[in-house]
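Colleague: Whatever this is, show me its structure:
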Amino acid sequence: MADITRRLGWRHLRGAPTAHIRHHRSGRLAHDGPGLSFWYRSLSAALSEIPVDDRELAMTFHARTSDFQDVAVQATVTYRVSDPAIAAARLDFSIDPDTGVWRGAPLEQLSTLLTETAQQHALDVLARTTLASALVDGVAAVRERVASGLAAEPRLPATGIEIVAVRVVALRPEPEVERALRTPAREQIQQEADRATYERRAVAVERERAIAENELASQIELARREEQLVEQRGTNARREAEERAAADAVKAGAEAARTVRLTEAEAERTVQLAEAEAARSVKLAQAEAARQVKLAEAEARAAREVGVARAEAQAAWLRVHAEVDAATLHALTGTRLAENLPRIESVTVSPDVLTGLLSRLGGGSGGGDRA
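Modeller: Numbering: from 1, shown residues only. Coordinates of the predicted model:
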């Protein structure tokens, strides 16, 4: 849509590069071309805007095949306005001078024209084609027929329209018919899937059988190896026992020889020790005898000297006692007696004894004084 600006009773139009502008002023063509920009008065101006870019027209219509089956056709037609002057003369592309909006609906008229023309040629092709052929080759056939029909349509060049391309997207039957047509293919696919499943199961069973056989062969081989291992272990144990017995015999012989050598060495050492002990005992006996002789001689001399000293002491003691009076002797005797008596805890002196002792002491003292 053109961009129109108002300024003091004037209007300024600025068109797009893809829009062809035709400006008539007072019945004469003042401006003609794409992407124009100019000032004009709305009261004396007649404006037309024709799009010259490529436009896509999507269409969907229903057709009937030769076997009376309804199909839906989805197609797209690309077109453009090749002669804007003719198109503006045949269709109403005029715009409002104040707003720039189309006064009519020219693009809808073009869409109706192209859709009905393309539908006419597609119906003509599909009416002579069965549903199966239409679903297999109908897309290419309908595209070629629609393209050739639009190119040969005289009304389109007379309107200034050029067809750029025709594309048929799909041909679809009714949903029930489509499901019915899919059923054989689905059944075949299902059969193929079942056969593949059965084959896969057969292969799996065969592989399981091979695995079971391999496991059984492995178990048999393992049992045979275990038997060989048991035999080898028995052989090794027997050989080990024999070698251990031989080693024990050698060890026993060596131990016996060692014991004999140790016994002989011990006996020899014992004899030597006995001889040494005997010689030592002899020496000790001789030394002890010599010591005993010396001790006996020393004791004899000591006894003789002690006897002489005792005899002299006794003679001196006797001489001393011979010169002492009887009372002194009695006192010495009591002293000696007291020294040799055992310990006396207590002494009980009766009056009779005390009287007698006092009498004796008194008598002795009187006699002495008298003397």
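Colleague: Every contact and neighbour count from this point should use C-alpha atoms.
Modeller: OK.
Colleague: mean confidence score for stretch 58-65?
Modeller: For stretch 58-65, the mean per-residue pLDDT is 88.
Colleague: Same check on stretch 186-205?
Modeller: 86.
Colleague: Please point out which parts of that stretch sit buried.
Modeller: Within stretch 186-205, no residue qualifies as buried by neighbour count (16 or more other CA atoms under 10 Å).
Colleague: gap between that stretch and the chain center?
Modeller: The chain centre lies 41 Å from the centre of stretch 186-205; the measure is CA atoms, centre = their mean, to the nearest Å.
Colleague: Near Thr99, how many other residues are there?
Modeller: If you count neighbours by other CA atoms under 10 Å, Thr99 ends up with 14.
Colleague: do Tyr79 as well
Modeller: Counted by other CA under 10 Å, the residues lying close to Tyr79 total 20.
Colleague: can you give me the strands for the stretch 101-250 of the chain?
Modeller: 161-173 (DSSP state E, counting those that start in this stretch).
Colleague: need the helices for it, in chain order.
Modeller: For the stretch 101-250 of the chain, helices defined by DSSP state H, counting those that start in this stretch occupy the ranges 106-126, 131-152, 155-159, 175-323.
Colleague: The ones you listed: which one's closest to Arg11?
Modeller: Smallest distance to Arg11 across the helices of the stretch 101-250 of the chain (CA to CA): 24.0 Å, for helix 106-126.
Colleague: export the helices of the stretch 101-250 of the chain to CSV and tack on distance to Asp67?
Modeller: Converted to CSV, the helices of the stretch 101-250 of the chain look like this (distance: least, CA to CA, whole Å):
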stretch, distance to Asp67
helix 106-126, 10
helix 131-152, 7
helix 155-159, 33
helix 175-323, 12
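Colleague: which stretch among these comes nearest Arg28?
Modeller: Nearest of the helices of the stretch 101-250 of the chain (CA to CA): helix 155-159, 21.8 Å.
Colleague: pLDDT of the closest one, averaged?
Modeller: Here the average pLDDT along helix 155-159 is 89.
Colleague: Pull out the buried positions in that helix.
Modeller: Buried residues in helix 155-159 (16+ other CA under 10 Å): 156-157, 159.
Colleague: same thing with stretch 109-119?
Modeller: So for stretch 109-119, counting by 16+ other CA under 10 Å, buried means 110-111, 114-115, 117-119.
Colleague: Send me that stretch as CSV with only the CA atoms.
Modeller: Provided in CSV are the C-alpha atoms of stretch 109-119 (Å, rounded to 0.1, in the frame of the first residue of the first chain):
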residue,chain,number,x,y,z
GLN,A,109,-10.8,-11.2,-8.6
LEU,A,110,-7.5,-12.5,-9.8
SER,A,111,-7.6,-15.3,-7.3
THR,A,112,-11.1,-16.3,-8.4
LEU,A,113,-10.1,-16.2,-12.0
LEU,A,114,-6.9,-18.3,-11.6
THR,A,115,-8.6,-20.8,-9.2
GLU,A,116,-11.5,-21.5,-11.5
THR,A,117,-9.3,-21.8,-14.5
ALA,A,118,-6.9,-24.2,-12.8
GLN,A,119,-9.8,-26.2,-11.3
